[in-house]
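K.L.:
Give me a 3D structure for the following:
(chains A and B)
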Amino acid sequence: MKPPVFEYERPPNVRAALEALSKHGGKAKLLAGGHSLIPQLNLRAISPGRLIDIGRLTELQYVTEDYGQLRIGALTTHNTIFRSAAVASGCPIMIEAYQHVANHSIRNHGTLGGNLCHNDPAFELPLVIALLGGSMLARSVRSQRTIAADRFFKAPFATDLAPDEMLVEIRVPRLPAGHGYAFMEISQRFGDRALIAAGCLLTMRYGNCRDVRIGFRNAVHNVFRIPAAEAALEGKPASAAAVDAAAEAVAKNLPPATDLHADETYRRDVAATLTRRMLRAACARAGASIPE
Amino acid sequence: MTDLEVNVTVNGRAFRRRIEPRLLLSDLIRHEIGLTGTHVGCENGVCGACTILLDGLATRSCCTLAVQADGRSVETVESLGRVNNLSPLQRGFWEKHGLQCGYCTPGMLMLMTELLRENPNPDRETIRLRLNDNICRCTGYEDIMSSVERAVELMRAEKAVR
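P.N.:
Numbering: from 1, shown residues only, chains lettered A, B, ... in the order given. Down below sits the predicted model:
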């Protein structure tokens, strides 16, 4: 189908975009890459009165490293980040996750900020940012504030942003070389919406797993970390038994989700299997391979 | 709703049109400019039939507003060869039977045009991975991969002759 009628403006800079957003508030939508927004318009799922096109604001397209963190401009395209050497060295889990994000043509135009603000419960990047303990810098004509990932991703398809606020920057800590990480997902076809997406981070200290973070998306809920699964491994040596315990905890604690593509039992089973696979991969990357 | 003026270069030619902001780039190309080689499949970003190059990047023109292409350069399937003078990529598809009904073909050709520009010598796995972008319901993709491999050979031979 075709998009419904809307007014359109293309402010020349962030300041002007914030003013437009403040003026039109809840009636306007920001247009970044458009690859989530325009399909929604085509399907007539939404009909905003106005689009504010921020897609050309080069001032929000960057990846920079400073003080142990990566700062990524909200309008940086997926493919720019996917190819970034700074991201590959500081946050390799992000690169691994990007292999599952849509497809190449969409990554040419889709932006990190647009992806996070859309917060589709099948999207990978909100999970990655949450696992990394990232934070979002939001601006409005009123103020500027930093929002932790836990608070930012409020509900499926919803964030903590006020109607006049714009996400301008994403910050994630750079992780030390030698940390363990893995990102895996199961979808009906490669590149399709994830039925289950799973990520984990850990470090090995004195032979024990530390700072274990295990998280999921199930395409239905705004689900992220599973503390019970993390506790099964935290402070313990990498072992098949500990990994199995974490997988069991995931199967038990994953919120029930059934949709057209997969029922609850299947999703729990897949999540447990992915937990075993990714924890083994992460432990191996951290130098503590678990024998089969 | 206010109409807007857009200036777009399509296949090297400059066009100026007054359009509604809600006009999709695919419809600008087909209805306003009259180039119907670009096909529209799903119109919500799933199939890739409408793939064109926007400033050199493979782009789903049904997920792009025409106003987003203002001041930019568009390449469509019409920028490739002609019936009597096929481009190496088109010749590869012709020789290796890379199409059956042909509906997805313009999108496939533009998707692969971008790939061959960034990597003139892709292996089959690289082609397969990129083919993930677009859907073909006839060929089963094997012949499309062979077509692109054949195009690589043809391009290499062309270069050697020069």
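K.L.:
Where do the helices of the chain begin and end?
P.N.:
You didn't pick a chain, so chain A it is. Along chain A, the stretches classed as helices by DSSP state H are A:14-24, A:37-42, A:78-82, A:85-90, A:92-98, A:104-109, A:112-118, A:125-132, A:149-152, A:227-233, A:240-253, A:264-285.
K.L.:
look at chain B instead
P.N.:
Per DSSP H, chain B carries helices over the ranges B:25-27, B:88-95, B:105-118, B:124-131, B:142-161.
K.L.:
for those helices, which one ends up most surrounded?
P.N.:
helix B:25-27 (a mean of 24; mean count of other C-beta atoms under 10 Å in any protein chain shown). From N, CA and C alone the C-beta is placed, and that goes for glycine too.
K.L.:
For residue B:99, give me its contacts.
P.N.:
The contact partners of residue B:99, by C-beta atoms under 8 Å, 6 or more residues apart in numbering or on different chains, come to B:93, B:105, B:108, B:138, B:139, B:144.
K.L.:
tell me the pLDDT at the second one?
P.N.:
Same thing as residue B:105. At residue B:105, the pLDDT value in this model is 98.
K.L.:
How much space separates it from residue B:40?
P.N.:
Distance, residue B:105 to residue B:40, using C-beta to C-beta, to the nearest Å: 14 Å.
K.L.:
now the first one
P.N.:
With the distance defined as C-beta to C-beta, residue B:93 ends up 20 Å from residue B:40.
K.L.:
now residue A:50
P.N.:
Distance of residue A:50 to residue B:40, given as C-beta to C-beta: 26 Å.
K.L.:
hmm, back to that, so, if you compare the contacts of residue B:99, which one comes nearest to residue A:37?
P.N.:
Comparing the contacts of residue B:99 against residue A:37 with C-beta to C-beta picks out residue B:108 as the nearest, at 25.8 Å.
K.L.:
My guess is that closest one contacts residue B:136. True?
P.N.:
Yes. In this structure residue B:108 lies within contact range of residue B:136 using C-beta atoms under 8 Å: 6.9 Å.
K.L.:
what sits against residue 47?
P.N.:
Just going to use chain A. Here residue A:47 is in contact with A:4, A:6, A:41 (C-beta under 8 Å, 6+ apart).
K.L.:
Switch to chain B, please.
P.N.:
B:41, B:104, B:107, B:134, B:135.
K.L.:
near chain A, which residues of chain B?
P.N.:
Contacts of chain B with chain A, taken as C-beta under 8 Å from any C-beta of the partner chain, map to B:1-2, B:4, B:20-22, B:24, B:27, B:43-45, B:48, B:51, B:57-60, B:62-65, B:67-68, B:111, B:130, B:132-134.
K.L.:
Just the buried ones from those, in PyMOL syntax?
P.N.:
Here is the PyMOL command that selects the buried residues among the residues of chain B next to chain A (16 or more other C-beta atoms under 10 Å in any protein chain shown):
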select buried, chain B and resi 4+20+21+22+24+27+43+44+45+48+51+57+58+59+60+62+63+64+65+67+68+111+130+132+133+134
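K.L.:
Select from the residues of chain B next to chain A every entry located in strands.
P.N.:
Among those, DSSP state E puts B:4, B:51, B:57, B:58, B:59, B:60 in strands.
K.L.:
per-residue confidence for the first one?
P.N.:
According to the per-residue confidence, residue B:4 scores 96 in pLDDT.
K.L.:
Verify the stated contact: it with residue B:16.
P.N.:
No. With contact defined as C-beta under 8 Å, residue B:4 does not count as touching residue B:16 (11.2 Å).
K.L.:
Can you name the residues that contact the closest residue to chain A within chain B?
P.N.:
Chain A sits closest to residue B:21 of chain B, with a gap of 3.4 Å, by C-beta to the nearest C-beta. By C-beta under 8 Å, 6+ apart, the contact set of residue B:21 is A:6, A:7, A:8, A:51, B:1, B:2, B:3, B:4, B:65, B:67.
K.L.:
pLDDT check: weakest of these?
P.N.:
Least confident entry in the contacts of residue B:21, by pLDDT: residue B:1, with 68.
K.L.:
Name all residues that make contact with residue B:149.
P.N.:
B:92, B:96, B:124, B:127.
K.L.:
ok, 7 Å please
P.N.:
residue B:124 (C-beta atoms under 7 Å, 6 or more residues apart in numbering or on different chains).
K.L.:
just residue A:212 next, same as before
P.N.:
Applying C-beta under 7 Å, 6+ apart, the residues near residue A:212 are A:202, A:230, A:233, A:234.
K.L.:
so how far is residue A:176 from it?
P.N.:
For residue A:212, the distance to residue A:176 (C-beta to C-beta) stands at 15 Å.
K.L.:
Tell me which residues touch the closest residue to chain B within the stretch 151-292 of chain A, please.
P.N.:
Closest residue of the stretch 151-292 of chain A to chain B, C-beta to the nearest C-beta: residue A:191 (5.0 Å). When contacts are counted by C-beta under 7 Å, 6+ apart, residue A:191 touches A:102, A:103, B:132.
K.L.:
so what are the domain limits for the chain?
P.N.:
Defaulting to chain A. Following automatic domain parsing, one gets these domains for chain A: A:7-53, A:58-173, A:180-285.
K.L.:
should've been chain B
P.N.:
According to automatic domain parsing, chain B comprises the domains B:4-79, B:88-161.
K.L.:
Dump these to TSV, plus distance to residue A:249.
P.N.:
Shown next, in TSV, are those (distance: least, C-beta to C-beta, whole Å):
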stretch	distance to residue A:249
domain B:4-79	36
domain B:88-161	34
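K.L.:
Number of residues surrounding residue A:106?
P.N.:
23 (other C-beta atoms under 10 Å in any protein chain shown).
K.L.:
and what of residue A:248?
P.N.:
For residue A:248, the count of nearby residues is 15 (other C-beta under 10 Å).
K.L.:
what's the closest non-adjacent residue to it?
P.N.:
residue A:272 (6.9 Å; C-beta to C-beta, 6 or more residues apart in numbering or on different chains).
K.L.:
Isn't that neighbour up against residue A:247?
P.N.:
Yes. Contact criterion C-beta atoms under 7 Å: residue A:272 and residue A:247 qualify, at 4.2 Å.
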